[in-house]
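Engineer: here is my input; please provide its structure:
(one chain, ligands or ions: 1)
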Amino acid sequence: IALANRGIQGLQPYQPGKPIEELERELGLRNVVKLASNENPLGPPASALRAYRNAAEDLHLYPDAGGFELKACLSAGLAVSPAQITLGNGSNDILDLLARVFLDEHSSAVFSQYGFIVYPIATQAVGATAKVVPAKDWGHDLPAMAAAVDESTRLVFIANPNNPTGTCLGEEALRQFMAAVPERVVVVLDEAYAEYVGDDAYPDGVALLSDYPNLVVTRTFSKAFGLAGLRVGYAVSHPQIADLLNRVRAPFNVSVPAMAAAVAAYTDMAYLARSREVNEAGMAQFTKGLAELGLAFIPSAGNFITVQMPGAALPYYQALLHKGVIVRPIGVYGMPDHLRISIGLAEDNARCLTALKHVLAEGV
Ligand code: PMP
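Structural biologist: Numbering: from 1, shown residues only. Below is the predicted model of the structure:
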(Lines give C-alpha, C1' and ligand atoms only; values in the text may rest on other atoms or scores of the structure.)
Protein backbone atom coordinates (compact mmCIF):
# COMPACT_ATOMS: atom_id res chain seq x y z
CA ILE A 1 0.00 0.00 0.00
CA ALA A 2 2.86 2.35 0.79
CA LEU A 3 3.93 2.02 -2.84
CA ALA A 4 0.71 3.63 -4.12
CA ASN A 5 0.56 7.38 -4.59
CA ARG A 6 -0.59 9.22 -1.49
CA GLY A 7 -4.06 10.07 -2.74
CA ILE A 8 -4.80 6.46 -3.53
CA GLN A 9 -3.53 5.13 -0.19
CA GLY A 10 -6.40 6.76 1.68
CA LEU A 11 -9.09 5.99 -0.91
CA GLN A 12 -12.18 3.89 -0.32
CA PRO A 13 -13.33 2.07 -3.46
CA TYR A 14 -16.71 2.84 -5.02
CA GLN A 15 -19.21 0.45 -3.45
CA PRO A 16 -21.62 -0.86 -6.04
CA GLY A 17 -24.84 -2.68 -5.20
CA LYS A 18 -24.52 -6.46 -5.31
CA PRO A 19 -25.94 -8.29 -8.33
CA ILE A 20 -29.41 -9.76 -7.81
CA GLU A 21 -28.20 -13.34 -8.28
CA GLU A 22 -25.65 -13.01 -5.50
CA LEU A 23 -28.21 -11.59 -3.08
CA GLU A 24 -30.78 -14.22 -3.97
CA ARG A 25 -28.21 -16.89 -3.14
CA GLU A 26 -27.21 -15.18 0.09
CA LEU A 27 -30.78 -14.65 1.25
CA GLY A 28 -32.21 -17.90 -0.08
CA LEU A 29 -34.95 -15.87 -1.79
CA ARG A 30 -36.27 -15.78 -5.33
CA ASN A 31 -37.84 -12.99 -7.37
CA VAL A 32 -35.85 -10.36 -5.59
CA VAL A 33 -36.61 -6.82 -6.77
CA LYS A 34 -33.59 -4.57 -7.21
CA LEU A 35 -34.27 -0.86 -6.97
CA ALA A 36 -30.76 0.11 -5.99
CA SER A 37 -28.61 1.22 -8.91
CA ASN A 38 -30.79 3.64 -10.90
CA GLU A 39 -30.96 1.20 -13.78
CA ASN A 40 -33.62 1.33 -16.47
CA PRO A 41 -36.38 -1.13 -15.52
CA LEU A 42 -37.47 -1.57 -19.17
CA GLY A 43 -34.44 -3.66 -20.07
CA PRO A 44 -32.29 -2.62 -23.03
CA PRO A 45 -33.93 -1.10 -26.13
CA ALA A 46 -34.72 -3.89 -28.64
CA SER A 47 -33.12 -1.71 -31.35
CA ALA A 48 -29.86 -1.57 -29.39
CA LEU A 49 -29.92 -5.29 -28.74
CA ARG A 50 -30.18 -5.96 -32.49
CA ALA A 51 -27.32 -3.56 -33.25
CA TYR A 52 -25.26 -5.16 -30.48
CA ARG A 53 -25.78 -8.64 -31.95
CA ASN A 54 -24.93 -7.48 -35.47
CA ALA A 55 -21.78 -5.80 -34.21
CA ALA A 56 -20.65 -9.11 -32.73
CA GLU A 57 -19.58 -10.06 -36.28
CA ASP A 58 -16.72 -7.59 -35.84
CA LEU A 59 -15.44 -8.70 -32.47
CA HIS A 60 -12.07 -9.68 -33.93
CA LEU A 61 -11.46 -6.04 -34.89
CA TYR A 62 -10.47 -3.12 -32.69
CA PRO A 63 -13.17 -0.50 -32.33
CA ASP A 64 -12.98 2.66 -34.39
CA ALA A 65 -10.77 4.58 -31.94
CA GLY A 66 -12.20 7.90 -33.08
CA GLY A 67 -15.78 6.71 -32.53
CA PHE A 68 -16.76 8.27 -35.84
CA GLU A 69 -20.26 6.88 -36.14
CA LEU A 70 -21.37 7.50 -32.56
CA LYS A 71 -19.87 10.98 -32.55
CA ALA A 72 -21.63 11.77 -35.84
CA CYS A 73 -24.91 10.60 -34.36
CA LEU A 74 -24.46 12.63 -31.14
CA SER A 75 -23.24 15.66 -33.03
CA ALA A 76 -26.39 15.64 -35.19
CA GLY A 77 -28.63 15.16 -32.17
CA LEU A 78 -26.96 17.83 -30.05
CA ALA A 79 -26.15 20.34 -32.80
CA VAL A 80 -22.45 20.45 -31.86
CA SER A 81 -19.33 19.58 -33.84
CA PRO A 82 -17.90 16.05 -33.49
CA ALA A 83 -14.69 17.75 -32.30
CA GLN A 84 -16.57 18.81 -29.16
CA ILE A 85 -17.41 15.24 -28.16
CA THR A 86 -15.33 12.83 -26.04
CA LEU A 87 -16.54 9.25 -25.67
CA GLY A 88 -16.06 7.42 -22.41
CA ASN A 89 -16.40 3.96 -20.92
CA GLY A 90 -19.45 5.22 -19.07
CA SER A 91 -19.51 8.83 -17.95
CA ASN A 92 -17.46 7.76 -14.90
CA ASP A 93 -14.56 7.33 -17.30
CA ILE A 94 -15.01 10.93 -18.45
CA LEU A 95 -15.09 12.22 -14.85
CA ASP A 96 -11.84 10.40 -14.25
CA LEU A 97 -10.26 11.82 -17.43
CA LEU A 98 -11.27 15.32 -16.34
CA ALA A 99 -9.59 14.85 -12.97
CA ARG A 100 -6.44 13.50 -14.63
CA VAL A 101 -6.27 16.35 -17.13
CA PHE A 102 -6.94 19.26 -14.80
CA LEU A 103 -5.96 18.23 -11.28
CA ASP A 104 -2.70 17.46 -9.51
CA GLU A 105 -1.31 17.53 -5.96
CA HIS A 106 -1.23 21.30 -5.89
CA SER A 107 -4.77 21.91 -7.06
CA SER A 108 -8.31 21.52 -5.77
CA ALA A 109 -11.74 20.52 -7.01
CA VAL A 110 -14.94 22.03 -5.62
CA PHE A 111 -18.12 20.00 -5.25
CA SER A 112 -21.16 19.85 -3.03
CA GLN A 113 -21.85 17.83 0.09
CA TYR A 114 -24.09 14.94 -1.08
CA GLY A 115 -22.54 15.29 -4.56
CA PHE A 116 -22.01 12.14 -6.63
CA ILE A 117 -19.45 9.87 -4.93
CA VAL A 118 -17.15 9.59 -7.94
CA TYR A 119 -16.14 13.28 -7.58
CA PRO A 120 -14.21 12.74 -4.32
CA ILE A 121 -12.78 9.47 -5.62
CA ALA A 122 -11.51 10.97 -8.89
CA THR A 123 -10.15 14.01 -7.04
CA GLN A 124 -8.33 12.04 -4.39
CA ALA A 125 -6.95 9.52 -6.86
CA VAL A 126 -4.82 12.23 -8.47
CA GLY A 127 -3.74 13.61 -5.11
CA ALA A 128 -5.76 16.83 -5.40
CA THR A 129 -7.64 18.52 -2.57
CA ALA A 130 -11.41 18.20 -2.35
CA LYS A 131 -13.29 21.32 -1.29
CA VAL A 132 -16.66 20.04 -0.18
CA VAL A 133 -19.24 22.80 0.15
CA PRO A 134 -22.19 22.29 2.55
CA ALA A 135 -25.44 21.57 0.71
CA LYS A 136 -28.51 23.77 0.80
CA ASP A 137 -31.88 22.02 0.97
CA TRP A 138 -30.04 18.80 0.00
CA GLY A 139 -28.86 20.44 -3.25
CA HIS A 140 -25.95 22.53 -4.50
CA ASP A 141 -25.44 25.89 -2.82
CA LEU A 142 -24.00 27.55 -5.92
CA PRO A 143 -23.11 30.94 -4.36
CA ALA A 144 -21.21 29.11 -1.60
CA MET A 145 -19.52 26.90 -4.20
CA ALA A 146 -18.45 29.97 -6.19
CA ALA A 147 -17.07 31.45 -2.97
CA ALA A 148 -15.09 28.25 -2.32
CA VAL A 149 -13.23 28.59 -5.62
CA ASP A 150 -9.72 29.90 -4.98
CA GLU A 151 -6.36 30.15 -6.73
CA SER A 152 -5.80 26.41 -6.42
CA THR A 153 -9.17 25.41 -7.92
CA ARG A 154 -9.06 23.86 -11.38
CA LEU A 155 -12.34 21.91 -11.48
CA VAL A 156 -15.89 22.20 -10.17
CA PHE A 157 -18.25 19.22 -10.32
CA ILE A 158 -21.99 19.87 -10.40
CA ALA A 159 -24.53 17.08 -10.89
CA ASN A 160 -27.81 18.26 -12.36
CA PRO A 161 -29.95 16.44 -11.30
CA ASN A 162 -27.84 15.32 -8.38
CA ASN A 163 -27.43 11.73 -7.28
CA PRO A 164 -28.38 10.70 -4.55
CA THR A 165 -30.64 13.64 -3.66
CA GLY A 166 -32.40 14.20 -7.01
CA THR A 167 -32.21 17.99 -6.64
CA CYS A 168 -32.15 20.12 -9.77
CA LEU A 169 -30.75 23.57 -10.59
CA GLY A 170 -32.33 26.15 -12.88
CA GLU A 171 -30.72 28.02 -15.75
CA GLU A 172 -30.46 31.40 -14.05
CA ALA A 173 -28.65 29.96 -11.04
CA LEU A 174 -26.21 28.15 -13.30
CA ARG A 175 -25.56 31.24 -15.41
CA GLN A 176 -24.90 33.30 -12.29
CA PHE A 177 -22.50 30.63 -11.10
CA MET A 178 -20.64 30.56 -14.42
CA ALA A 179 -20.37 34.35 -14.33
CA ALA A 180 -18.96 34.24 -10.80
CA VAL A 181 -16.28 31.63 -11.53
CA PRO A 182 -13.06 32.58 -13.34
CA GLU A 183 -12.71 31.17 -16.84
CA ARG A 184 -9.55 29.28 -15.90
CA VAL A 185 -11.71 26.96 -13.77
CA VAL A 186 -13.34 24.11 -15.67
CA VAL A 187 -16.94 23.51 -14.60
CA VAL A 188 -18.26 19.99 -15.12
CA LEU A 189 -22.02 19.77 -15.41
CA ASP A 190 -22.88 16.12 -14.92
CA GLU A 191 -26.20 15.47 -16.63
CA ALA A 192 -26.41 11.69 -16.18
CA TYR A 193 -30.17 11.99 -15.51
CA ALA A 194 -30.94 14.85 -17.91
CA GLU A 195 -33.35 12.89 -20.07
CA TYR A 196 -35.66 12.24 -17.11
CA VAL A 197 -36.18 15.85 -16.10
CA GLY A 198 -39.77 16.83 -16.81
CA ASP A 199 -39.47 20.48 -15.85
CA ASP A 200 -39.40 22.84 -18.85
CA ALA A 201 -37.23 25.20 -16.82
CA TYR A 202 -34.42 22.60 -16.75
CA PRO A 203 -31.38 24.10 -18.45
CA ASP A 204 -29.92 22.15 -21.35
CA GLY A 205 -26.22 22.19 -20.48
CA VAL A 206 -25.20 21.66 -24.10
CA ALA A 207 -27.07 24.83 -25.12
CA LEU A 208 -25.02 26.78 -22.53
CA LEU A 209 -21.69 25.68 -24.02
CA SER A 210 -21.53 28.44 -26.61
CA ASP A 211 -21.59 31.02 -23.78
CA TYR A 212 -19.04 29.32 -21.52
CA PRO A 213 -15.87 27.83 -23.04
CA ASN A 214 -14.89 26.45 -19.61
CA LEU A 215 -18.05 24.34 -19.29
CA VAL A 216 -18.03 20.56 -19.84
CA VAL A 217 -21.32 18.64 -20.00
CA THR A 218 -21.27 14.91 -19.33
CA ARG A 219 -24.06 12.48 -20.20
CA THR A 220 -24.56 8.74 -20.28
CA PHE A 221 -26.28 5.85 -22.02
CA SER A 222 -26.64 4.08 -18.65
CA LYS A 223 -29.93 5.57 -17.48
CA ALA A 224 -32.72 6.70 -19.83
CA PHE A 225 -31.14 4.83 -22.78
CA GLY A 226 -31.05 1.58 -20.82
CA LEU A 227 -27.45 0.50 -21.51
CA ALA A 228 -25.71 0.62 -18.10
CA GLY A 229 -24.04 -2.74 -18.69
CA LEU A 230 -22.35 -1.57 -21.89
CA ARG A 231 -20.56 1.42 -20.36
CA VAL A 232 -21.00 4.33 -22.76
CA GLY A 233 -20.92 7.97 -21.74
CA TYR A 234 -19.73 11.18 -23.33
CA ALA A 235 -18.64 14.75 -22.71
CA VAL A 236 -19.51 17.78 -24.77
CA SER A 237 -17.13 20.72 -24.41
CA HIS A 238 -15.03 23.27 -26.21
CA PRO A 239 -12.90 21.39 -28.81
CA GLN A 240 -9.71 22.33 -26.92
CA ILE A 241 -10.96 20.60 -23.78
CA ALA A 242 -12.02 17.60 -25.89
CA ASP A 243 -8.50 17.56 -27.33
CA LEU A 244 -7.00 17.43 -23.81
CA LEU A 245 -9.34 14.63 -22.72
CA ASN A 246 -8.45 12.73 -25.84
CA ARG A 247 -4.75 12.87 -24.92
CA VAL A 248 -5.27 10.81 -21.75
CA ARG A 249 -8.19 8.68 -22.92
CA ALA A 250 -7.27 5.01 -23.20
CA PRO A 251 -7.27 4.08 -26.87
CA PHE A 252 -10.37 1.99 -27.73
CA ASN A 253 -12.10 2.87 -24.44
CA VAL A 254 -15.54 2.11 -25.89
CA SER A 255 -16.10 -1.32 -27.39
CA VAL A 256 -17.44 -2.24 -30.84
CA PRO A 257 -20.86 -3.54 -29.68
CA ALA A 258 -21.20 -0.73 -27.14
CA MET A 259 -20.84 1.95 -29.80
CA ALA A 260 -23.20 0.16 -32.18
CA ALA A 261 -25.84 -0.25 -29.48
CA ALA A 262 -25.47 3.37 -28.38
CA VAL A 263 -26.09 4.63 -31.93
CA ALA A 264 -29.25 2.55 -32.13
CA ALA A 265 -30.47 3.61 -28.68
CA TYR A 266 -29.81 7.29 -29.31
CA THR A 267 -32.12 7.32 -32.29
CA ASP A 268 -34.80 5.13 -30.68
CA MET A 269 -37.18 7.89 -29.70
CA ALA A 270 -39.95 5.44 -28.80
CA TYR A 271 -37.78 3.76 -26.16
CA LEU A 272 -36.72 7.08 -24.68
CA ALA A 273 -40.33 8.25 -24.52
CA ARG A 274 -41.29 5.01 -22.78
CA SER A 275 -38.40 5.38 -20.30
CA ARG A 276 -39.69 8.81 -19.36
CA GLU A 277 -43.29 7.68 -19.17
CA VAL A 278 -42.54 4.70 -16.92
CA ASN A 279 -40.34 6.87 -14.71
CA GLU A 280 -42.94 9.58 -14.38
CA ALA A 281 -45.66 7.08 -13.49
CA GLY A 282 -43.35 5.28 -11.03
CA MET A 283 -42.32 8.55 -9.41
CA ALA A 284 -45.99 9.47 -8.92
CA GLN A 285 -46.62 6.00 -7.45
CA PHE A 286 -43.77 6.44 -4.98
CA THR A 287 -44.52 9.99 -3.92
CA LYS A 288 -48.14 9.04 -3.25
CA GLY A 289 -47.23 5.74 -1.55
CA LEU A 290 -44.49 7.26 0.61
CA ALA A 291 -46.77 10.10 1.71
CA GLU A 292 -49.40 7.51 2.69
CA LEU A 293 -46.78 5.75 4.79
CA GLY A 294 -45.90 9.04 6.45
CA LEU A 295 -42.35 8.96 5.09
CA ALA A 296 -40.63 12.19 4.06
CA PHE A 297 -38.67 12.19 0.82
CA ILE A 298 -36.58 14.62 -1.19
CA PRO A 299 -38.45 15.64 -4.37
CA SER A 300 -36.42 14.15 -7.22
CA ALA A 301 -35.91 15.00 -10.88
CA GLY A 302 -34.08 11.72 -11.57
CA ASN A 303 -35.07 8.04 -11.80
CA PHE A 304 -34.77 7.50 -8.04
CA ILE A 305 -36.14 8.94 -4.85
CA THR A 306 -34.39 9.41 -1.52
CA VAL A 307 -36.47 8.66 1.52
CA GLN A 308 -36.00 9.70 5.13
CA MET A 309 -36.47 6.74 7.46
CA PRO A 310 -37.65 7.16 11.08
CA GLY A 311 -34.10 6.47 12.32
CA ALA A 312 -30.89 4.85 11.11
CA ALA A 313 -31.60 3.52 7.61
CA LEU A 314 -29.32 0.48 7.65
CA PRO A 315 -31.65 -1.77 9.72
CA TYR A 316 -34.52 -0.84 7.36
CA TYR A 317 -32.33 -1.68 4.39
CA GLN A 318 -31.61 -5.09 5.95
CA ALA A 319 -35.28 -5.69 6.77
CA LEU A 320 -36.31 -4.80 3.21
CA LEU A 321 -33.61 -7.10 1.88
CA HIS A 322 -35.13 -10.00 3.82
CA LYS A 323 -38.43 -9.23 2.15
CA GLY A 324 -36.73 -9.48 -1.24
CA VAL A 325 -36.44 -5.76 -1.99
CA ILE A 326 -33.01 -4.24 -2.54
CA VAL A 327 -32.67 -0.48 -2.13
CA ARG A 328 -29.58 1.64 -1.52
CA PRO A 329 -28.38 2.79 1.89
CA ILE A 330 -26.43 6.02 1.43
CA GLY A 331 -24.42 6.35 4.62
CA VAL A 332 -21.36 6.73 2.41
CA TYR A 333 -22.83 10.08 1.31
CA GLY A 334 -23.21 11.18 4.92
CA MET A 335 -26.94 10.45 4.83
CA PRO A 336 -27.27 7.60 7.36
CA ASP A 337 -31.03 8.03 7.85
CA HIS A 338 -31.95 7.94 4.15
CA LEU A 339 -32.52 5.18 1.64
CA ARG A 340 -32.31 5.80 -2.08
CA ILE A 341 -34.88 3.88 -4.10
CA SER A 342 -34.66 3.57 -7.89
CA ILE A 343 -37.93 3.90 -9.78
CA GLY A 344 -38.94 0.56 -11.27
CA LEU A 345 -41.90 -0.97 -13.05
CA ALA A 346 -45.29 -0.52 -11.38
CA GLU A 347 -45.39 -3.99 -9.82
CA ASP A 348 -41.86 -3.67 -8.41
CA ASN A 349 -42.61 -0.25 -6.98
CA ALA A 350 -45.74 -1.69 -5.38
CA ARG A 351 -43.71 -4.52 -3.85
CA CYS A 352 -41.25 -2.03 -2.45
CA LEU A 353 -44.00 0.14 -0.96
CA THR A 354 -45.69 -2.91 0.59
CA ALA A 355 -42.39 -4.12 2.04
CA LEU A 356 -41.77 -0.63 3.46
CA LYS A 357 -45.22 -0.66 5.03
CA HIS A 358 -44.48 -3.99 6.70
CA VAL A 359 -41.03 -3.09 7.99
CA LEU A 360 -42.40 0.16 9.42
CA ALA A 361 -45.22 -1.73 11.15
CA GLU A 362 -42.96 -4.50 12.42
CA GLY A 363 -40.21 -2.12 13.48
CA VAL A 364 -36.49 -2.79 13.14
N1 PMP B 1 -22.99 10.84 -12.72
C2 PMP B 1 -23.98 10.59 -11.86
C3 PMP B 1 -24.60 11.74 -11.15
C4 PMP B 1 -24.41 9.27 -11.65
O5 PMP B 1 -25.37 9.02 -10.76
C6 PMP B 1 -23.79 8.22 -12.36
C7 PMP B 1 -24.23 6.78 -12.19
N8 PMP B 1 -24.44 6.34 -10.92
C9 PMP B 1 -22.76 8.53 -13.24
C10 PMP B 1 -22.39 9.85 -13.40
C11 PMP B 1 -21.98 7.51 -13.97
O12 PMP B 1 -22.71 6.70 -14.77
P13 PMP B 1 -22.06 5.87 -15.95
O14 PMP B 1 -20.59 5.71 -15.67
O15 PMP B 1 -22.79 4.60 -15.95
O16 PMP B 1 -22.27 6.69 -17.19
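Engineer: what about whichever residue of the stretch 1-150 of the chain sits closest to the ligand, how many neighbours?
Structural biologist: Closest to the ligand within the stretch 1-150 of the chain is G90: 2.7 Å, counting by Cβ to the nearest ligand atom. Just so you know, the C-beta spots here come from the backbone N, C-alpha and C atoms, and that holds for glycine as well. As a burial measure, G90 scores 24 neighbours (other Cβ atoms under 10 Å).
Engineer: switch to numbering from 14
Structural biologist: Yes, from this point I'll number from 14; that puts the last item at G103.
Engineer: so it sits right up against G242, yeah?
Structural biologist: No. Contact between G103 and G242 fails when scored by Cβ atoms under 8 Å: they sit 10.0 Å apart.
Engineer: show me the contacts for the residue nearest to A263 when sequence neighbours are not counted.
Structural biologist: Once flanking residues are discounted, A263 sits nearest to N102: 7.7 Å by Cβ to Cβ, 6 or more residues apart in numbering. Counting by Cβ atoms under 8 Å, 6 or more residues apart in numbering, N102 touches 244-246, 263, 266-267.
Engineer: make it 10 Å
Structural biologist: Contact analysis of N102 by Cβ atoms under 10 Å, 6 or more residues apart in numbering lists 109-110, 243-246, 262-263, 265-268, 271.
Engineer: go on, G20?
Structural biologist: 116-118, 134, 136-142.
Engineer: just L74 next, same as before
Structural biologist: Applying Cβ under 10 Å, 6+ apart, the residues near L74 are 68, 269.
Engineer: so it, which state does it fall into?
Structural biologist: coil (DSSP: H, G, I helix; E, B strand; the rest coil).
Engineer: common neighbours of G103 and G242, please.
Structural biologist: Common neighbours of G103 and G242, using Cβ under 10 Å, 6+ apart, are 235, 271.
Engineer: hang on, T99 is in a strand, isn't it?
Structural biologist: Yes. The assignment for T99 (three-state DSSP) places it in a strand.
Engineer: from the ligand, how far off is the residue nearest to the spatial centre of the chain?
Structural biologist: Nearest to the mean C-alpha position of the chain, by Cα atoms, centre = their mean, lies A205 at 4.4 Å. The gap separating A205 from the ligand is 4 Å, by Cβ to the nearest ligand atom, to the nearest Å.
Engineer: show me where the chain has strands.
Structural biologist: Assigned strands in the chain, in chain order: 46-47, 98-101, 121-125, 142-146, 166-172, 199-203, 228-233, 246-249, 309-311, 317-321, 338-339, 341-343, 348-355 (criterion: DSSP state E).
Engineer: want to try TSV for those strands, with mean pLDDT, distance to the ligand and mean neighbour count as columns?
Structural biologist: Shown next, in TSV, are the strands of the chain (pLDDT from 0 to 100; distance: least, Cβ to the nearest ligand atom, whole Å; neighbours: other Cβ atoms under 10 Å):
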stretch	mean pLDDT	distance to the ligand	mean neighbour count
strand 46-47	94	14	22
strand 98-101	98	7	25
strand 121-125	98	11	26
strand 142-146	98	16	18
strand 166-172	98	4	25
strand 199-203	98	5	26
strand 228-233	98	3	26
strand 246-249	98	4	25
strand 309-311	98	15	16
strand 317-321	98	9	23
strand 338-339	96	15	24
strand 341-343	96	10	23
strand 348-355	98	10	22
